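Undergrad: take this sequence and fold it.
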Amino acid sequence: MTRSKDQIATRLAKVVAEQRMLLESFDLALADGSLGDHRDLDAKIERLGAERRRLTAELRFVETHGDVVHSPRTRGGGRVVREQVLDTLDEIGVPAPPALISELAFATTGADIGASRFSSLRRDEERAARRDPAARPAWIAPALNVTTLTAMPRLLTSSAWPIERRLIGARSLRTGHLRTTLALLDRTGHLATTNPVRAAAVEAIMLRLARGVPGAVESSKPADPARIRAAVESELQLIEQEDLSERLAAAARLRGYREQQQLWGLPAVIEGEARQGAAG
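TA: Prediction:
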């Protein structure tokens, strides 16, 4: 079954409170001229905003259709797998591969979502969404290529995200790697005082990602969160604006298509067919 109305409302209240605190920090940074030193605030506010929109839609859906909605795809604890995947995607905040989603879900909640389940889950989501787009507050959808606007099934997103956030350009995989590192760095810090075991599991994933960032981790020395953050934000500053510009331009093109195409992408064109069409 899905989460109850009370569970959704409790989580929504927490997200709103966190977003309010970040907005206050944003206002302070803006007032004292230090906004440039807080480049991660925008991403955190946007990530919480996406989760807030999804939870709000989910709460309205439950109020309309009742507290219990059955689904054949539940994990051992009774929680719907798709909800766990959507929660994990919101936590990462960028398109992510099934292996990372599975690993992070296990680290943060103990949910064992085998990578082999994602193929059938993706098919189920698309079939259900095409049948009735309003049946769910959010769908697990593929990332889309900025050039062809076709689906990239190996990267998953949430339909609750803005279009540009679901697109993948030339620099998006790298910015996604960096953004994921920051998200897990924050998550590690939040869990450190409440659940050290979970914190250690998330930190292990974060450190693996951080080692791929020049200057973030010194060999033979303990990891320094401040050093990791500085190295990640320094690289982000170099590439993120170009990545965002490319995705915004593609999003403007994609908005000219039907809603289903905006969500699932344009039909893929086989190379031979493309040549035939050009010849004709």
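Undergrad: ok, and what's touching the longest strand seen in the chain?
TA: When secondary structure is assigned using DSSP state E, the longest strand within the chain turns out to be strand 151-158. Taking contacts as C-beta atoms under 8 Å, 6 or more residues apart in numbering, the residues outside strand 151-158 that touch it are 50, 54, 85-86, 89-90, 95-98, 101, 118, 122, 138-145, 165-166, 168, 264-265, 268. C-beta coordinates here come from the backbone N, C-alpha and C atoms, glycine included.
Undergrad: of those residues, which belong to helices?
TA: Among the contacts of strand 151-158, DSSP state H puts 50, 54, 85-86, 89-90, 98, 101, 118, 122, 264 in helices.
Undergrad: where does pLDDT dip in the chain?
TA: Regions of the chain meeting the criterion pLDDT under 70 cover residues 1-3, 35-40, 42-43, 58, 61-79, 270-280.
Undergrad: ranges for the strands of it?
TA: In order along the chain, the chain carries the following strands (DSSP E): 140-145, 151-158, 167-168.
Undergrad: adjacent strands (with direction) for the last one?
TA: Strand 167-168 has the following sheet partners, assigned by DSSP bridges: strand 140-145 (parallel).
Undergrad: mind saving the C-alpha coords of the partner strand as PDB?
TA: Extracted in PDB, the C-alpha atoms of strand 140-145 (Å, rounded to 0.1, in the frame of the first residue of the first chain):
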ATOM      1  CA  ILE A 140       9.300   7.400 -12.800                       C
ATOM      2  CA  ALA A 141      10.400   8.500 -16.300                       C
ATOM      3  CA  PRO A 142      13.600   8.200 -18.300                       C
ATOM      4  CA  ALA A 143      16.000  11.100 -18.800                       C
ATOM      5  CA  LEU A 144      15.800  12.600 -22.300                       C
ATOM      6  CA  ASN A 145      18.700  13.500 -24.700                       C
END
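Undergrad: how far does that strand sit from the chain's center?
TA: Once both centres are worked out by C-alpha atoms, centre = their mean, to the nearest Å, strand 140-145 turns out to sit 11 Å from its chain's centre.
Undergrad: and the contacts of that strand?
TA: Against strand 140-145 from outside (C-beta under 8 Å, 6+ apart): 82, 85-86, 89, 95, 121-122, 125-126, 129, 150-153, 155-159, 166-168, 250, 254, 263-265.
Undergrad: which one of the strands of the chain is the most hemmed in?
TA: With neighbours defined by mean count of other C-beta atoms under 10 Å, none of those is more surrounded on average than strand 167-168, at a mean of 26.
Undergrad: pull the distance from that strand to the chain's centre.
TA: Average the C-alpha atoms of strand 167-168, do the same for its chain, and the two points are 12 Å apart (C-alpha atoms, centre = their mean).
Undergrad: again, but for stretch 240-256
TA: Remark: stretch 240-256 is offset 17 Å from the chain centroid, using C-alpha atoms, centre = their mean.
Undergrad: for it, buried residues please.
TA: In terms of neighbour count (16 or more other C-beta atoms under 10 Å), stretch 240-256 has its buried residues at 240, 243-244, 246-247, 250-251, 254.
Undergrad: between those residues, which is closest to Lys221?
TA: Proximity to Lys221 was ranked across the buried residues of stretch 240-256 by C-beta to C-beta; first place goes to Glu240, at 27.6 Å.
Undergrad: who's in contact with the closest residue in space to that closest one that isn't next to it in sequence?
TA: Closest residue in space to Glu240, ignoring its immediate chain neighbours: Thr175 at 5.4 Å, by C-beta to C-beta, 6 or more residues apart in numbering. Contacts were defined as C-beta under 8 Å, 6+ apart; by that measure Thr175 touches 94, 236, 239-240, 243.
Undergrad: dump the residues you listed to a markdown table, plus distance to Arg187.
TA: Below are the contacts of Thr175 laid out as a markdown table (distance: C-beta to C-beta, whole Å):
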| residue | distance to Arg187 |
| --- | --- |
| Val94 | 14 |
| Leu236 | 18 |
| Ile239 | 23 |
| Glu240 | 20 |
| Asp243 | 23 |
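Undergrad: related to what we said a few turns ago, out of the ones in helices among the contacts of strand 151-158, which one sits closest to Ala216?
TA: For Ala216, the closest of those turns out to be Ile101, at 22.6 Å, with distances computed as C-beta to C-beta.
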